[in-house]
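Student: sequence and predicted model, in that order:
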Amino acid sequence: MLTRQILRTATKYSLQRVVNKNLGSLGGIVTQLYNLVSERADLRSWLTLPANAQVARLALPVGEQTIKLSMLESNIDVPVPIYAAGVTLVRIIQTVGKVAVQMMIITPETGG
């Protein structure tokens, strides 16, 4: 990606010099306007963001609890262990036809 950006910048610079030499100031202005208009932001990192994100914080009694989730494509029951001195983080990802559940348990014993 960096190499491509360097090559594109070098090409635009070379073109700008040739146009300035052959067509003068007016050609240089037109070329600079084209360079400004033709530059696009790199949106790839934004396109990978989820369409929907939700967060919930629940205080549950100690022991194995079941969280019932109603989602667009499915309803699931997720067993969640709850400890007296700790936090259980549950991450649920729904993609087309698949639900993935991940848990991270942070207690004084785990050192997390």
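Tutor: Perfect, I can see it now. Numbering: from 1, shown residues only.
Student: which non-adjacent residue is nearest Q16?
Tutor: T31 (5.3 Å; C-beta to C-beta, 6 or more residues apart in numbering). From N, CA and C alone the C-beta is placed, and that goes for glycine too.
Student: how distant is the strand or helix carrying the one you found from the center of its chain?
Tutor: Assigned by DSSP states H and E, T31 falls within helix 2-38. Here helix 2-38 is found 33 Å from its chain centre; the criterion is C-alpha atoms, centre = their mean, to the nearest Å.
Student: ditto for stretch 71-91
Tutor: Distance, centroid of stretch 71-91 to centroid of chain: 23 Å (C-alpha atoms, centre = their mean).
Student: what do you get for stretch 62-78?
Tutor: That offset, for stretch 62-78, works out to 25 Å (C-alpha atoms, centre = their mean).
Student: so I92 touches L69, yeah?
Tutor: Yes. Assessed by C-beta atoms under 8 Å, I92 is found in contact with L69 at 6.6 Å.
Student: neighbours of L89, how many?
Tutor: 11 (other C-beta atoms under 10 Å).
Student: and what of V78?
Tutor: By the measure other C-beta under 10 Å, the count of residues near V78 is 14.
Student: need phi/psi at it.
Tutor: phi -120, psi 120 (degrees, to the nearest 10).
Student: can you tell me the closest non-neighbouring residue to it?
Tutor: That would be I67: by C-beta to C-beta, 6+ apart, it lies 4.7 Å from V78.
Student: all set now, cheers.
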